[in-house]
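1. next comes the sequence, and after it the predicted model I'd like to discuss.
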Amino acid sequence: MTEAAALLAAEGAENPLFPQAYELVVGSFAFLVVFLVVGKILTPRIQKTLAERTEAIEGGIKKAEDAQAEAQRTLEQYRAQLAEARQEAARLREEAREQGAQIKAELREEAQAEARRLVEAAHAQIEADRQQAFAQLQGEIGRLSTELASRIVGESLEDEARQRRIVDRFLEELEGRPEAVR
């Protein structure tokens, strides 16, 4: 023993490093109460809270993974729809071009048909005008011929039947000539 311990033992004083017996009993009882409270009440609650948090975190992670997978599926669907829409737009543009070319061809054909019809109508009108002018000219030639013949013959050719016969005969002679002007 050391001198200090021998001194304390001699004095009859108690060693502060060694507790009193009643302190050991009270301390052990308090330790058991705290151990039981922590072990029976707090530990299950803490474990339950930790389990709930773990489930919430895992559920959140699962939900996030599900949401990410759903977002990925939606993105793929969107991309597929976008590609399909682009193909449809290209097809519609091509159809529009083809229809435009077809409409142009039809309009060109209609315009050409209308032009032919107008030309034919113009030719028919010209022919009708020529026939009308020829008829008027025949009438005028007949009148002038009758008048000229009246002057040459010296007698009146006013009789209409006679005048017609003379004019008709004169016109037939004119038409029979190769140099006749029409």
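-> Right, received. Where do you want to start? Values in this document were obtained by computation on a predicted structure and should not be read as measured data.
2. contacts and neighbour counts: CA atoms only from here.
-> Will do.
3. which ones are touching the spatially most central residue of the chain?
-> Nearest to the geometric centre of the chain sits A89, at 5.9 Å (C-alpha atoms, centre = their mean). Contacts for A89 (C-alpha atoms under 8 Å, 6 or more residues apart in numbering) come out as none.
4. any low-confidence regions in the protein?
-> 1-13, 153-160, 162-163, 178-182 (pLDDT under 70).
5. ok, now how distant is the residue nearest to the centre of the chain from A51?
-> 55 Å (C-alpha to C-alpha, to the nearest Å).
6. please apply the same query to R151.
-> Going from R151 to A51 by C-alpha to C-alpha gives 143 Å.
7. same deal with E76?
-> In terms of C-alpha to C-alpha, E76 sits 36 Å off from A51.
8. which residue ranges form the helices in the chain?
-> 3-11, 21-37, 43-153, 160-176 (DSSP state H).
9. and the last one, what's buried?
-> The one in question is helix 160-176. The neighbour-count criterion (16 or more other C-alpha atoms under 10 Å) identifies 163, 166-167, 170-171 as the buried residues of helix 160-176.
10. from the residues you listed, pick the one nearest E114.
-> E114 lies nearest to L171 out of the buried residues of helix 160-176, by C-alpha to C-alpha, at 39.5 Å.
11. got a list of what the closest one touches?
-> By C-alpha under 8 Å, 6+ apart, the contact set of L171 is 138, 142.
12. pull up the gap between it and E147, please.
-> 15 Å.
13. same check, this time on Q47
-> According to C-alpha to C-alpha, Q47 and E147 sit 143 Å apart.
14. looking at the two, which has the bigger crowd around it?
-> It is E147, of Q47 and E147, that has more neighbours when counted by other C-alpha atoms under 10 Å, with 16 against 11.
15. distance of the more buried one relative to V167?
-> From E147 across to V167, the span is 11 Å (C-alpha to C-alpha).
16. now Q81
-> From Q81 to V167 the distance is 90 Å (C-alpha to C-alpha).
17. what of I126?
-> Note on I126: its distance to V167, by C-alpha to C-alpha, is 26 Å.
18. now P44
-> P44 is 142 Å from V167, by C-alpha to C-alpha.
19. try A124
-> Where V167 is concerned, A124 sits at a distance of 28 Å (C-alpha to C-alpha).
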